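Asks: Provided below for reference: sequence and predicted model.
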Amino acid sequence: MSESVSDEQLFQLFLRTGKWLMRGQRHGARAAHGNEGLDEHIRRQLHADGQARHAQGRILFILSERDGLGQRELLDMLHVRSATLSELLRKLEKERLILRQRDENDKRNWRLFVTPSGHAVLQVHRQRQQETASRLFAVLSATERASLAALLGRLLALWEAAATNQARPAAGDGAPPPPGQSQARRKPAPKTPASARRRGREQ
């Protein structure tokens with residue numbers, strides 16, 4: 001019979017695992033330092049702040065799979081604030097890693113495209129990530145990797161669904177009424193006749 005594991009023990013294991021994954025990412029970034037074949041702005045992207053680099057790398061990966069994706073659709077996929085995404089995209093555009101174009105069918109939306117420099121950065125990211133993953137997960141067999149991936153996939157699906165539900169406006173909090181129902185309108189107060197207002201001032 002397998003030994004039971006508490007929620008707290010699982011949580012601590014996740015924290016420790018995340019710590020080592022971040023260390024592996026930093027090691028991969030340092031390993032890329034000596035790559036003189038890359039353009040200067042590509043090297044700057046690879047040595048950017050760790051959290052920003054991870055978020056921008058994820059955006060590049062998504063856009064490489066769905067080039068021309070709308071900014072609104074990307075916002076729904078990332079579960080971040082609109083201002084946060086706009087800042088990340090602005091930095092990527094400044095580094096010439098993506099290109100934004102107005103949607104021809106909806107001028108309020110942007111279409112996002114990865115530039116050749118963006119594909120070059122993504123290729124280096126993928127190479128370093130593969131090297132890090134091979135080193136960190138070498139101890140696991142193919143069966144163990146499949147089981148771990150299935151468990152993590154279940155957790156992520158539940159967490160992302162919960163985040164999506166929390167992002168939806170609650171009823172009565174600026175949300176439109178359900179179908180078939182209408183919001184009650186406040187009737188304007190009746191106007192007081194001018195003659196009555198004059199008598200009130202004279203008293």
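Replies: Great, that's in hand.
Asks: ok, then the element right after the helix or strand where residue 130 lies?
Replies: Taking DSSP states H and E as the criterion, residue 130 maps to helix 116-136. Next helix or strand after helix 116-136 toward the C-terminus (DSSP H and E): helix 142-167.
Asks: Tell me, how many residues neighbour residue 132?
Replies: Residue 132 sits with 19 neighbouring residues when counted by other Cβ atoms under 10 Å. Bear in mind the C-beta positions are built from the backbone N, C-alpha and C, glycine included.
Asks: From residue 126, how far out is it?
Replies: Counting by Cβ to Cβ, to the nearest Å, the gap between residue 132 and residue 126 amounts to 11 Å.
Asks: Same question for residue 68.
Replies: Using Cβ to Cβ, we find residue 68 at a distance of 21 Å from residue 126.
Asks: again, but for residue 15
Replies: Note on residue 15: its distance to residue 126, by Cβ to Cβ, is 26 Å.
Asks: And these two? Which one has more around it.
Replies: Higher neighbour count among residue 15 and residue 126: residue 126, with 14 against 9, using other Cβ under 10 Å.
Asks: Now do the more buried one against residue 119, distance only.
Replies: 10 Å.
Asks: where are the low-confidence patches of this structure?
Replies: Along the chain, segments meeting pLDDT under 70 span 1-2, 24-53, 167-203.
Asks: All the helices of it, in order from the start?
Replies: Remark: helices assigned in the chain by DSSP state H are 7-31, 40-46, 50-65, 71-78, 82-94, 116-136, 142-167, 194-202.
Asks: how about the ones you listed in TSV, adding distance to residue 102?
Replies: Output for the helices of the chain, formatted as TSV (distance: least, Cβ to Cβ, whole Å):
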stretch	distance to residue 102
helix 7-31	34
helix 40-46	25
helix 50-65	17
helix 71-78	10
helix 82-94	14
helix 116-136	19
helix 142-167	26
helix 194-202	54
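Asks: quick revisit: let me know the angle separating the helix holding residue 130 from helix 50-65.
Replies: Interaxial angle, helix 116-136 versus helix 50-65 (axes from the mean of the first three to the mean of the last three Cα atoms, to 10 degrees): 110 degrees.
Asks: what's helix 116-136 packed up against?
Replies: Helix 116-136 is packed against helix 7-31, helix 40-46, helix 50-65, with contacts defined by 3 or more Cβ pairs under 8 Å, 6 or more residues apart in numbering; DSSP states H and E.
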